[in-house]
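1. test case, fold it:
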Amino acid sequence: MLTADLDRLRLGSGDLLLDMGCGAGRHAFAALRRGARVVAFDADGGELKGVRDMVGAMQDAGEVPSPGVGVPVQGDALALPFPDGAFDRIIASEVLEHIPDDIGAIAELARVLRRGGRMAVTVPTEFPERVNWKLSTEYHDIPGGHIRIYRQRDLEDRLERAGLMLRGTSHAHALHSPYWWIRCAGGVNNPDRLLARAYHQVLVWQIMRNPPVLSLLDRALNPLIGKSLVVYVEKP
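-> Below is the predicted model:
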């Protein structure tokens, strides 16, 4: 289940994509299946090992066009080890809320995006995130946790000040918001409570099967309680 829409990003075969803060690699894998070349970038070497293993399995299964199109790179978001204008497309999904100097990270992303290139930036949406923070300090007050809540206009302003042009917004994963409210209300570190476990099974069903009823409900609720805000920008 992707947060950024690869169609709205206009990601095509052969494009070079930076998945900054790739985590477990879900956007990177989807981009590889489209024929893109991908650099999966993260500070966590453990996450990157899993990405590397998965890319290898995809190559063995013939799911990617050629070896070497998926490259994991470990590093610092404030000092990206790439030349100016290196990437056709960039995804930075659910990462800026973890970085103290988010303005510096955005400047680096803008630097390595080529002119005419597009980027999708996703962060937790303000309203669902504020509910989580109210219900549980453990949700955010941990090492590596969320250190800020973004208002949409604030994120857009930061991107525009970096020289990027807004190209649209959306919201995603509405059905995930109640799950995290349940988790936060009952102890965010206690996912085995009956209600949290039952709701998690619904999300697994959605992710694995995406039945029409859940897909329709998710789309209808996204403008109201979508857990993720997605902002699309272009470098002029």
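2. low pLDDT regions in this structure?
-> Counting by pLDDT under 70, the chain has low-confidence residues at 67.
3. so which bits of the helix or strand hosting Gly46 are buried?
-> Element membership of Gly46 [criterion: DSSP states H and E] is helix 45-60. Neighbour-count burial for helix 45-60, counted by 16 or more other Cβ atoms under 10 Å, picks out Glu47, Leu48, Val51, Met54, Val55, Met58, Gln59. For every residue, glycine as well, the C-beta is placed using N, CA and C.
4. name the residues that touch the very next helix or strand once past it?
-> Next helix or strand after helix 45-60 toward the C-terminus (DSSP H and E): strand 70-74. Residues from elsewhere that reach strand 70-74 (Cβ atoms under 8 Å, 6 or more residues apart in numbering): 22, 28, 32, 37-45, 48-49, 51-52, 55, 58-59, 64, 81.
5. run the angle between strand 70-74 and helix 45-60 for me.
-> Here the directions of strand 70-74 and helix 45-60 differ by 170 degrees (axes from the mean of the first three to the mean of the last three Cα atoms, to 10 degrees).
6. neighbouring strands - and their directions - for strand 70-74?
-> Partners of strand 70-74 in the sheet, by DSSP bridges, are strand 37-42 (parallel).
7. got the contact list for the strand it pairs with?
-> Here strand 37-42 has contacts from 14-23, 25, 28, 31-32, 48, 51, 55, 69-75, 77, 80, 82, 87, using Cβ under 8 Å, 6+ apart.
8. just the buried ones from the residues you listed?
-> Using 16+ other Cβ under 10 Å, the buried ones in the contacts of strand 37-42 are 15-23, 25, 28, 31-32, 48, 51, 55, 69-70, 72-73, 77, 80, 82, 87.
9. for Arg151, give me its contacts.
-> Arg151 touches Glu126, counting by Cβ under 8 Å, 6+ apart.
10. if you could redo that for Met119, that was the one I meant.
-> Leu9, Arg89, Ile90, Ile91, Ala92, Leu109, Leu113, Leu164, Tyr232, Val233, Glu234, Lys235.
11. of those, which is the most crowded?
-> Counting neighbours by other Cβ atoms under 10 Å, Ile91 leads the contacts of Met119 with 30 neighbours.
12. distance of Asp157 from Thr169?
-> 13 Å (Cβ to Cβ, to the nearest Å).
13. please say which of the two ends up with more neighbours.
-> Thr169 (15 against 11).
14. is the more buried one located within a strand, as I assumed?
-> Yes - counting by DSSP: H, G, I helix; E, B strand; the rest coil, Thr169 is located in a strand.
15. could you list the paired strands of the lengthiest strand in the chain along with their orientation?
-> Taking DSSP state E as the criterion, the chain has its longest strand at strand 113-124. If you go by DSSP bridges, strand 113-124 pairs up with strand 87-93 (parallel), strand 228-234 (antiparallel).
16. tell me which of those lies nearest to Pro211.
-> strand 228-234 (20.8 Å; Cβ to Cβ).
17. now stretch 8-26, how far from the centre of its chain.
-> 10 Å (Cα atoms, centre = their mean, to the nearest Å).
18. endpoints of that stretch, how far apart?
-> 17 Å (Cα to Cα, to the nearest Å).
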